[in-house]
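coords please:
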Amino acid sequence: MTFMVWFNLTMQCMQLLTFANRKGGVGKSTSVWAVAHCLANAGSRVLMVDCDPQRNLTMCLPQVAKDKSLTQIAEGSSSLAEMMQPVGERLWLVAATESLTAAEKVLGADMAYPMLFRNALDGLEEMIDYVLFDTSPSPNSPLALAAMTASTYVFIPVQPEYFAYEGLQSLLDIVGRIQKNYNPGLRVGGLFLTKYSPSYRRSLHHEFVAMMKEHPELGPLVMQTTIRENVSVAEAQVQRQSLYEWARHSNALQDYEALTQEIRKMSTL
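Residues are numbered from 1 along each chain as shown. Coordinates of the predicted model:
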């Protein structure tokens, strides 16, 4: 069996999802964290991979050993299955450590770096249903490009701001290049709005959302679910707990459960 045949068969039973945006502070890490918990709560086995040297995802989950991390994978010495550590029921993490910044710089000098995660999947399909990649906003991040090269879908969190347009179009261009050169099966699963609700009294935000929905390329990608602002998210992350543990009845959990349902429907098409 060739690698590509094996890889395509793997994709039929395991979904690899990248959360990306070239703008920082839009909720990528929080969305990976929350969606992963919602998927696990629904019975799926979920692996989170922290591809951001800022390590926000790693720091809001239960502490894990530092001798197993994404650095070893970036250096080509380990697979995802070997480096994943449990952080909850049906939940695992490949953590980011302080050494990831240097490791990513070295990785970027390797012409084969886009294939990093594809080459690190061995044995994972028997253990995991969903792999969620949290990526850096850096426009030249080798880890973000490698994550999208391995993924079936890209989901894009967006805040309702006019400055978001440039980053969105740039990211879609990157997805197009990855589809052409490395992963023709990659699709944009959708854009979802964070820190936003149609009921908010913020006219500029509503104008941005209306403009985005009317855009010929972005409009069809806008998802139904929007994520409202909620202090429970920050509180739970500081405590390294899930929303199910910290604020089971919060608006935040309701919103992320609805988003997760949309993602599950999309990723099974």
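
show me where pLDDT drops low in the stretch 51-200 of the chain?
Residue ranges of the stretch 51-200 of the chain with pLDDT under 70: 139.

tally of neighbours for the closest residue to Ser78 other than its chain neighbours?
Nearest non-adjacent residue to Ser78, counting by Cβ to Cβ, 6 or more residues apart in numbering: Gln72, 4.1 Å away. Using the backbone N, CA and C atoms, a C-beta is placed for each residue, glycine as well. If you count neighbours by other Cβ atoms under 10 Å, Gln72 ends up with 19.

ok, and what's touching stretch 212-220?
By Cβ atoms under 8 Å, 6 or more residues apart in numbering, the residues outside stretch 212-220 that reach it are Val158, Tyr165, Leu168, Gln169, Leu172, Leu191, Val222.

Is the residue nearest to Ser78 within a helix or a strand, and which one?
Per DSSP states H and E: Gln72 is located in helix 70-74.

tell me which strands and helices that helix is in contact with?
Counting contacts by 3 or more Cβ pairs under 8 Å, 6 or more residues apart in numbering; DSSP states H and E, helix 70-74 is packed against helix 80-83, helix 100-108.

Show me the one of those helices that comes nearest Leu243.
Nearest to Leu243 among the helices and strands packed on helix 70-74 is helix 80-83; the distance by Cβ to Cβ comes to 25.4 Å.

Mind giving me the packing neighbours of that closest one?
When contacts are defined as 3+ Cβ pairs under 8 Å, 6+ apart, helix 80-83 packs onto helix 70-74.

want to try TSV for the helices and strands packed on helix 70-74, with mean neighbour count and distance to Asn119 as columns?
Formatted as TSV, those follow (neighbours: other Cβ atoms under 10 Å; distance: least, Cβ to Cβ, whole Å):
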stretch	mean neighbour count	distance to Asn119
helix 80-83	20	10
helix 100-108	18	12
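
so which of those helices gets nearest Gly27?
Smallest distance to Gly27 across the helices and strands packed on helix 70-74 (Cβ to Cβ): 20.8 Å, for helix 100-108.

other SSEs contacting the very next helix or strand once past that closest one?
Using DSSP H and E, the helix or strand that follows helix 100-108 in sequence is strand 130-134. The helices and strands touching strand 130-134, judged by 3+ Cβ pairs under 8 Å, 6+ apart, are strand 15-19, helix 28-41, strand 46-50, helix 142-150.
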